[in-house]
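Peer 1: Okay, sequence plus prediction incoming.
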Amino acid sequence: MRNTIEKYSPSMHIILIYLIAFILLGFTWFLQWILGLVMTILLGLSLYYTIRQEQREIVEQEKYIMTLSHRVRKVGEEALLEMPVGILLYNDAFEIEWVNPYLNQFVKEGTFVGKSLDVFSKDIITAIKEDKPKVNFYLEDCHFAVTIKKEERLLYFLDQTKQVKIQHHYNNVKPVLGIIYLDNYDETTKTMDDTGRSQLNSHVTSILNKWSNHYGIYLKRISQDRFLAVLNQQILEALEKSKFEILDEFRELILDNNNVPLTISFGIGHRSNQLTVLGELAQSSLDLALGRGGDQVVIKDTEGKVRFFGGKTNPMEKRTRVRARVISNALKQLMVESEQVFIMGHQSPDMDSVGSAIGILKMALANEIEAFIVLDVNELNFGVSRLIQEFKDTELWDYIISPDQAIELVTKGSLIVVVDTHRPSIVIESRLLNKTDHIVVIDHHRRGEEFIEDPTLVYMEPYASSTAELVTELIEYQAPLVKLSRLEATALLAGIVVDTKNFNFRTGSRTFDAASYLRSKGADTILVQNFLKDDLEDFIKRSHLIERTTIYKNNIAIAVAEPGQTFNSVVIAQTADTLLGMRNILASFVISERSDQRIGISARSAGDINVQLIMEQMGGGGHLSNAATQLENISVQEAYQQLIEIIDQSIEGGNE
């Protein structure tokens with residue numbers, strides 16, 4: 001208490017009050033000394049009481065502060081040692097110097113002290129070096145968010161397992177909408193009586209109901225050939241893991257029923273909480289699946305990412321003559337309304353691309369519309385170059401222009417017709433697509449994720465053997481207005497012959513009808529064979545590639561060119577065709593460097609393996625039995641390893 005009194009100093013407000021009191025007391029003594037004496041005694045007592053009271057308060061405050069400090073130190077020690085937050089100190093060598101008991105409980109034996117931070121995760125050291133404030137990792141089924149204090153060499157481990165589980169559950173229960181379509185229901189049932197149709201409907205519904213009940217999917221038939229499926233993200237992931245085995249099961253069961261090749265397609269929309277958006281994504285996915293020939297699943301999200309499953313069967317020919325006539329009339333109308341027509345195919349054009357372009361040119365000229373074929377005659381393979389040389393002495397030669405000339409001539413009122421491709425990245429001159437709003441796409445390839453934006457008219461038939469076949473049918477519906485010369489008919493026939501490998505692949509009755517029509521117009525099969533004759537140098541190159549062929553998984557032939565050796569796309573494609581003709585070979589792949597510094601891969605299949613899906617995963621596309629891709633910034637060996645991994649995923653994962 002003595003120390004407290006010695007340390008005591010009255011507050012300023014008390015000093016001020018007593019100063020005023022002493023001044024008043026002085027006046028009182030001057031006026032009335034007896035009253036002043038009484039007041040002095042009272043003031044002294046008041047001063048003594050005030051000082052004692054303040055001393056008591058100071059003592060109590062000091063006791064409270066001492067108690068609070070002790071409690072704070074105790075809480076800090078308990079928080080450091082017992083709070084469910086991991087705390088770690090490390091040294092300059094990223095070795096653990098100290099951990100609190102909470103974090104040390106995750107070590108099975110001994111302690112973390114003395115070990116590298118890699119014992120938790122290699123990402124921690126990387127994050128420290130890159131000055132990242134936080135990093136996430138899993139430890140013993142717990143998800144930790146690590147806060148990094150680099151200057152103090154201190155790490156805080158926050159357990160976020162519950163939050164991650166809640167987020168995971170939220171993502172799992174997000175709604176997913178799907179539309180299931182019976183691809184060729186009308187064609188299958190048109191010859192059936194009511195009893196047969198009823199039995200087929202019952203059989204189809206039974207298969208789909210059994211499948212949906214197994215996965216917990218709500219399924220509702222909304223028309224004769226459509227079903228609506230409601231599921232969630234977790235169920236969708238399970239379906240993807242199974243590679244949508246319902247496609248195989250459905251196809252096999254239905255094929256046994258009177259040998260009717262009835263298949264189904266799925267359009268699925270996900271990753272949105274808005275049902276209207278999911279519905280639009282599902283319909284868009286279904287359109288894409290049908291545009292690729294059906295018998296497959298297409299999954300699309302709000303970011304435009306697309307995944308494909310199935311597509312193992314060759315598309316059935318189900319296009320009608322009515323559709324061809326409607327497209328022919330619509331194309332004619334667009335040509336008449338345009339100022340001029342520009343026709344172009346894909347880069348490194350083949351016979352199908354050039355032949356179909358010539359057919360469209362004849363249609364435009366027959367309707368008295370100025371038209372041009374956009375072609376770089378300096379970038380043609382030997383066979384196409386022979387065909388173009390034949391046209392030098394004809395009037396059509398004047399209608400072949402370079403891409404630069406086309407850019408100068410095109411106007412806003414022009415019509416662009418793209419043949420034998422639908423991918424804007426591989427057309428001969430992509431700048432033309434931005435010069436006009438009127439674009440027509442005519443193609444026979446299965447539709448891919450990349451597509452020309454907002455075309456005015458689309459005629460895509462993956463059931464056709466070639467674009468030349470489609471164009472020939474369009475010409476038939478404008479005859480006798482369109483008159484083909486012998487050379488022009490031969491060019492179209494050459495396109496069909498090349499894409500069907502002399503009528504051995506992807507041929508239907510309409511293919512032979514188109515070939516018959518062209519023959520009636522004078523198409524010369526001998527001239528076609530002259531166009532397609534091998535050059536000796538190309539034959540030697542092809543033989544060299546075949547020598548470097550290895551057999552993978554007993555029935556897949558893969559030829560890899562030597563690093564530094566370049567081959568053109570024609571030689572690569574011809575080599576793949578040759579390898580496919582070998583006994584017991586179900587698919588062939590040829591990998592080689594190209595003169596444009598890219599890696600080219602050409603793929604062929606006998607139909608059992610879908611090479612289109614494999615090439616799409618490498619940025620390419622094509623048909624089930626004929627596909628290709630081009631890769632940049634990669635070596636031949638790296639391309640080979642990537643191809644092997646995708647083949648393994650496709651075959652072992654259940655795609656094939």
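Peer 2: On my side now, so go ahead.

Peer 1: And the helices in the stretch 551-656 of the chain?
Peer 2: 569-580, 611-616, 636-652 (DSSP state H, counting those that start in this stretch).

Peer 1: and these as CSV, adding distance to L493?
Peer 2: C-beta here means a position set from N, CA and C on the backbone, and glycine is covered the same way. Formatted as CSV, these follow (distance: least, C-beta to C-beta, whole Å):
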stretch, distance to L493
helix 569-580, 19
helix 611-616, 26
helix 636-652, 34
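
Peer 1: so which of these comes closest to T50?
Peer 2: helix 636-652 (89.1 Å; C-beta to C-beta).

Peer 1: And the closest one, what does it pack against?
Peer 2: With contacts defined as 3 or more C-beta pairs under 8 Å, 6 or more residues apart in numbering; DSSP states H and E, helix 636-652 has these neighbours: strand 556-560, strand 587-593, strand 599-605, helix 611-616.

Peer 1: quick check: angle from the first one to strand 599-605?
Peer 2: Between the axis of strand 556-560 and that of strand 599-605 there is an angle of 160 degrees, by axes from the mean of the first three to the mean of the last three C-alpha atoms, to 10 degrees.

Peer 1: Sheet partners, orientation included, of strand 556-560?
Peer 2: strand 549-552 (antiparallel), strand 587-593 (parallel) (DSSP bridges).

Peer 1: Export the helices of the stretch 551-656 of the chain as TSV, with columns for distance to K332, mean neighbour count and mean pLDDT.
Peer 2: Shown next, in TSV, are those (distance: least, C-beta to C-beta, whole Å; neighbours: other C-beta atoms under 10 Å; pLDDT from 0 to 100):
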stretch	distance to K332	mean neighbour count	mean pLDDT
helix 569-580	34	23	90
helix 611-616	32	26	88
helix 636-652	43	16	88
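
Peer 1: between those helices, which gets nearest to Y399?
Peer 2: Per C-beta to C-beta, nearest to Y399 of the helices of the stretch 551-656 of the chain: helix 569-580, 24.9 Å.

Peer 1: the inter-axis angle of that closest one versus strand 587-593?
Peer 2: Going by the same axes, to 10 degrees, helix 569-580 is angled at 150 degrees with respect to strand 587-593.

Peer 1: Who are the packing partners of helix 569-580?
Peer 2: Applying 3+ C-beta pairs under 8 Å, 6+ apart, we find helix 569-580 packed against helix 536-547, strand 556-560, strand 587-593, strand 599-605, strand 626-631.

Peer 1: Highest mean neighbour count out of the strands paired with strand 556-560?
Peer 2: strand 587-593 (a mean of 26; mean count of other C-beta atoms under 10 Å).

Peer 1: What segments of the stretch 1-150 of the chain are helices?
Peer 2: With DSSP H, counting those that start in this stretch, the ranges of helices along the stretch 1-150 of the chain come out as 2-7, 12-31, 33-82, 101-104, 122-129.

Peer 1: On the three-state scheme, the closest residue to D524 other than its chain neighbours is what?
Peer 2: Counting by C-beta to C-beta, 6 or more residues apart in numbering, D524 lies nearest to T490, which is 5.0 Å off, once chain neighbours are set aside. Under DSSP: H, G, I helix; E, B strand; the rest coil, T490 falls in the helix class.

Peer 1: ditto for the one 4 residues further on
Peer 2: At A494 the chain is in helix, as set by three-state DSSP.

Peer 1: ok, back up a step: now the helices and strands packed on helix 569-580 in TSV, please, with extra columns for distance to K241.
Peer 2: Shown next, in TSV, are the helices and strands packed on helix 569-580 (distance: least, C-beta to C-beta, whole Å):
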stretch	distance to K241
helix 536-547	38
strand 556-560	24
strand 587-593	24
strand 599-605	25
strand 626-631	25
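
Peer 1: Of all those, which one is nearest H438?
Peer 2: strand 626-631 (29.2 Å).

Peer 1: Can you list the residue ranges for strands in the stretch 201-350 of the chain?
Peer 2: Under the criterion DSSP state E, counting those that start in this stretch, the stretch 201-350 of the chain carries strands at the ranges 218-223, 226-232, 264-270, 296-301, 306-310, 341-344.

Peer 1: Out of these, which one sits most buried?
Peer 2: It is strand 341-344: most buried of the strands of the stretch 201-350 of the chain by mean count of other C-beta under 10 Å, with a mean of 28.

Peer 1: Next, format the strands paired with strand 556-560 as a markdown table and append distance to Y102 and mean pLDDT.
Peer 2: Converted to a markdown table, those look like this (distance: least, C-beta to C-beta, whole Å; pLDDT from 0 to 100):
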| stretch | distance to Y102 | mean pLDDT |
| --- | --- | --- |
| strand 549-552 | 52 | 94 |
| strand 587-593 | 54 | 95 |
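
Peer 1: Of those strands, which is nearest L484?
Peer 2: Across those, closest to L484 is strand 587-593 (C-beta to C-beta), at 35.3 Å.

Peer 1: between the closest one and helix 536-547, how many degrees?
Peer 2: Going by the same axes, to 10 degrees, strand 587-593 makes 110 degrees with helix 536-547.

Peer 1: So what touches strand 587-593?
Peer 2: Strand 587-593 is contacted from outside by 545, 555-561, 563-567, 571-573, 575-577, 579-580, 582, 599-606, 608-609, 611, 636, 639-640, 643, using C-beta atoms under 8 Å, 6 or more residues apart in numbering.

Peer 1: And it, how far out from the chain middle?
Peer 2: Put simply, strand 587-593 sits 24 Å off its chain's centre (C-alpha atoms, centre = their mean, to the nearest Å).

Peer 1: ranges for the helices of the stretch 201-350 of the chain?
Peer 2: 233-241, 246-255, 275-291, 321-337.

Peer 1: tell me the most buried of those helices?
Peer 2: Taking mean count of other C-beta under 10 Å, helix 275-291 is the most buried of the helices of the stretch 201-350 of the chain, at a mean of 19.

Peer 1: could you say what helices and strands that one packs with?
Peer 2: Packed next to helix 275-291, using 3+ C-beta pairs under 8 Å, 6+ apart, are strand 175-182, strand 264-270, strand 296-301.

Peer 1: Extract the CA atoms of the last one and return them as PDB.
Peer 2: What that stands for is strand 296-301. Output of strand 296-301 as PDB, limited to C-alpha atoms (Å, rounded to 0.1, in the frame of the first residue of the first chain):
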ATOM      1  CA  GLN A 296     -23.600 -41.700 -79.100                       C
ATOM      2  CA  VAL A 297     -23.800 -39.400 -76.100                       C
ATOM      3  CA  VAL A 298     -22.900 -35.700 -76.200                       C
ATOM      4  CA  ILE A 299     -22.500 -33.800 -72.900                       C
ATOM      5  CA  LYS A 300     -22.200 -30.000 -72.900                       C
ATOM      6  CA  ASP A 301     -21.800 -27.500 -70.100                       C
END
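
Peer 1: partners of that strand in the sheet?
Peer 2: By DSSP bridges, strand 296-301 pairs with strand 264-270 (parallel), strand 306-310 (antiparallel).

Peer 1: got the angle for the longest one vs helix 246-255?
Peer 2: Read it as strand 264-270. Using the same axes, to 10 degrees, strand 264-270 lies at 160 degrees relative to helix 246-255.

Peer 1: thinking again about what came up before, among the helices of the stretch 551-656 of the chain, which is nearest T629?
Peer 2: Per C-beta to C-beta, nearest to T629 of the helices of the stretch 551-656 of the chain: helix 611-616, 4.7 Å.
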